[in-house]
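Peer 1: Provided below for reference: sequence and predicted model.
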Amino acid sequence: MANVPMPPWAHLASGLNIILFSIPTIIAAVYWLGRRDAFVLFAVLGVFALTIETVAISTGFPYGHFSYSEMLGYRLFGKTPWTVMLAWTPLILAAFVIAEKLLSSLWLKIVAIALLLTAFDLVLDPGAVKLGFWEFSDGGWYYAVPWSNFAGWVFSGLIGAGILHFILGRIGPLLPAPVQMIHSGFLTLFFWTAFAAFSSMLIPVLVGLISLILMIVVYRAHYYSFDDMVVLVDEQNKPIATAPKLPIHSDETPLHRAFSVFLFNRSGQLLLQRRAEHKKTWGGIWSNSCCGHLMLHESVLSAAKRRLKYELGMNGIDLEVVLPEYRYRAEKDGIVENELCPVLVGFTNADPELNPDEVADFRWVDWMDFVDQVSEPENAFSPWAIEETMLLEQSSEFRDLYQENTSIRDV
């Protein structure tokens, strides 16, 4: 792209690339805020980006007089490509995450976001002008880009950062800002840094490399996995906070969301698993088929299916919530489990493929034999599996479901 003529279909590739590059940050925002609030965030920031770009094209403020070509997709009102909202928003979110992780003062964060955005533009603007994505009417000192453009990026970055923090203040995220929202910005900067290198643009290459290294450092220092964050709730199951899974399990474990799965084969046997020895809670103990925690903004069914795949390598199993209100508290070796834990039931004829980090062994057992075993005072099963089994045995909904899906007709 740096050294050959652009083909006639280049506008299609450019628009598609912007969409593809934005997807990782969109996904991270959904995990962070939920679908509705992530949509609101992207919509507001995207509309702001389109508005200020359109004003600048019409008036010259704040970037200077410039115009877009057709290379970035359909131009709204004949001025600004709609893809701008998907190009600019991931960049400000990447800058936001970096500022959020490195600074504590709100005002310093806002200034840092604006400056980081301007640094990103020092990388991408020269390449975009060379490709003909946009053009400044009077050229400029920095690879045909005027100083007013970068002053405009500082100005729009300050406003955008203020809008971003205002929205987040209204939403009140329960999760820390995830570094996964850097992904799209990293992809974009990597592309334009490489383009600058092939175009022999030294300054954009240097700024791009420094920005990429900063992103990597922040990412490695502050990464967390969404499924490692436990959702803490009140007595009405309303989320009140999140916390890392391992540290939160202690002698004073707060109430949090979880689930428990009982899988049966068509012969009516229950799948049991022996928990990996190194697990912090009930390591090495035999328990029901699968257990886990919900991510924030995740349904019980989605969480159960995710965990079945992760622990047991099992897909495509229909599950039904049979005990939606189950709750328990148990203690072993000074570690407390304190969970709102809906119980799901499913049926399969497949054997699991164990993840050794989670499961040490498995076996199929006759359901009624298992009911008898857990009723014995000295049984060695997990306390939640025992209580859940007794509750399932008392449930007419479970009996009907069991008989409909197995060859056993008398439970």
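Peer 2: Cool, the structure landed.
Peer 1: Helices along the stretch 101-250 of the chain, start to end?
Peer 2: For the stretch 101-250 of the chain, applying DSSP state H, counting those that start in this stretch gives helices covering 106-131, 147-171, 183-198, 202-222, 245-248.
Peer 1: Which strands and helices lie in contact with the longest one?
Peer 2: Here helix 106-131 is seen to pack against helix 84-102, strand 134-136, helix 147-171, helix 183-198, helix 202-222 when contacts are counted using 3 or more Cβ pairs under 8 Å, 6 or more residues apart in numbering; DSSP states H and E. All C-beta spots, glycine's among them, are computed from the backbone N, C-alpha and C.
Peer 1: hey, which helix or strand in this structure has the poorest pLDDT?
Peer 2: One helix or strand of the chain scores below all others by mean pLDDT, DSSP states H and E: strand 75-76, with a mean of 91.
Peer 1: distance between it and the chain's centre?
Peer 2: Computed by Cα atoms, centre = their mean, to the nearest Å, the chain-centroid distance of strand 75-76 equals 31 Å.
Peer 1: before we move on, back to that, let's have the helices and strands packed on helix 106-131 in a markdown table, adding distance to residue 236, mean pLDDT and mean neighbour count.
Peer 2: Conversion of the helices and strands packed on helix 106-131 to a markdown table gives the following (distance: least, Cβ to Cβ, whole Å; pLDDT from 0 to 100; neighbours: other Cβ atoms under 10 Å):
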| stretch | distance to residue 236 | mean pLDDT | mean neighbour count |
| --- | --- | --- | --- |
| helix 84-102 | 30 | 97 | 24 |
| strand 134-136 | 52 | 94 | 18 |
| helix 147-171 | 20 | 97 | 18 |
| helix 183-198 | 35 | 97 | 21 |
| helix 202-222 | 32 | 98 | 16 |
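Peer 1: Including distance to residue 26, could these go into CSV?
Peer 2: As requested, the helices and strands packed on helix 106-131 are exported to CSV (distance: least, Cβ to Cβ, whole Å):
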stretch, distance to residue 26
helix 84-102, 8
strand 134-136, 24
helix 147-171, 15
helix 183-198, 8
helix 202-222, 18
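Peer 1: element containing the residue lying closest to residue 392 once chain neighbours are set aside?
Peer 2: Excluding its sequence neighbours, the residue lying closest to residue 392 (Cβ to Cβ, 6 or more residues apart in numbering) is residue 398, at 4.6 Å. For residue 398, the host element (DSSP states H and E) is helix 396-405.
Peer 1: just residue 260 next, same as before
Peer 2: strand 256-264.
Peer 1: Go through that strand and flag the buried ones.
Peer 2: 256-264 (16 or more other Cβ atoms under 10 Å).
Peer 1: circling back to that earlier point, what separation is there between the residue nearest to residue 392 and residue 169?
Peer 2: For residue 398, the distance to residue 169 equals 45 Å [Cβ to Cβ, to the nearest Å].
Peer 1: Ok, residue 146 next?
Peer 2: Taking Cβ to Cβ, one finds residue 146 at 35 Å from residue 169.
Peer 1: same question, residue 307
Peer 2: Applying Cβ to Cβ to residue 307 and residue 169 gives a distance of 33 Å.
Peer 1: try residue 54
Peer 2: 27 Å.
Peer 1: domains in this structure, as residue ranges please.
Peer 2: Following automatic domain parsing, one finds the domains of the chain at 10-224, 228-405.
Peer 1: which sections of the protein are below the confidence cut-off?
Peer 2: For the chain, applying pLDDT under 70 flags the ranges 408-411.
Peer 1: now the helices of the stretch 101-250 of the chain in CSV, with distance to residue 383?
Peer 2: Converted to CSV, the helices of the stretch 101-250 of the chain look like this (distance: least, Cβ to Cβ, whole Å):
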stretch, distance to residue 383
helix 106-131, 46
helix 147-171, 37
helix 183-198, 41
helix 202-222, 36
helix 245-248, 19
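Peer 1: Residue 61: which of those is closest?
Peer 2: Closest approach to residue 61 among the helices of the stretch 101-250 of the chain (Cβ to Cβ): helix 147-171, 7.6 Å.
Peer 1: for the closest one, packing partners?
Peer 2: So helix 147-171, by 3+ Cβ pairs under 8 Å, 6+ apart, packs with helix 35-59, helix 84-102, helix 106-131.
Peer 1: which of these sits most buried?
Peer 2: The highest mean neighbour count among the helices and strands packed on helix 147-171, using mean count of other Cβ atoms under 10 Å, belongs to helix 84-102: a mean of 24.
Peer 1: helices or strands next to it in the packing?
Peer 2: helix 10-33, helix 35-59, helix 106-131, helix 147-171, helix 183-198, helix 202-222.
Peer 1: Check which element follows the second one along the chain.
Peer 2: Next helix or strand after helix 35-59 toward the C-terminus (DSSP H and E): strand 66-68.
Peer 1: surely residue 197 meets residue 206?
Peer 2: No: counting by Cβ atoms under 8 Å, residue 197 stays clear of residue 206, with 10.2 Å between them.
Peer 1: ok now do the residue nearest to residue 392, which residues does it touch?
Peer 2: Counting by Cβ atoms under 8 Å, 6 or more residues apart in numbering, residue 398 touches 322, 345, 392.
Peer 1: okay, those residues in a markdown table with distance to residue 127, neighbour count and secondary structure next?
Peer 2: Output for the contacts of residue 398, formatted as a markdown table (distance: Cβ to Cβ, whole Å; neighbours: other Cβ atoms under 10 Å; DSSP: H, G, I helix; E, B strand; the rest coil):
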| residue | distance to residue 127 | neighbour count | secondary structure |
| --- | --- | --- | --- |
| 322 | 58 | 19 | strand |
| 345 | 56 | 24 | strand |
| 392 | 62 | 24 | helix |
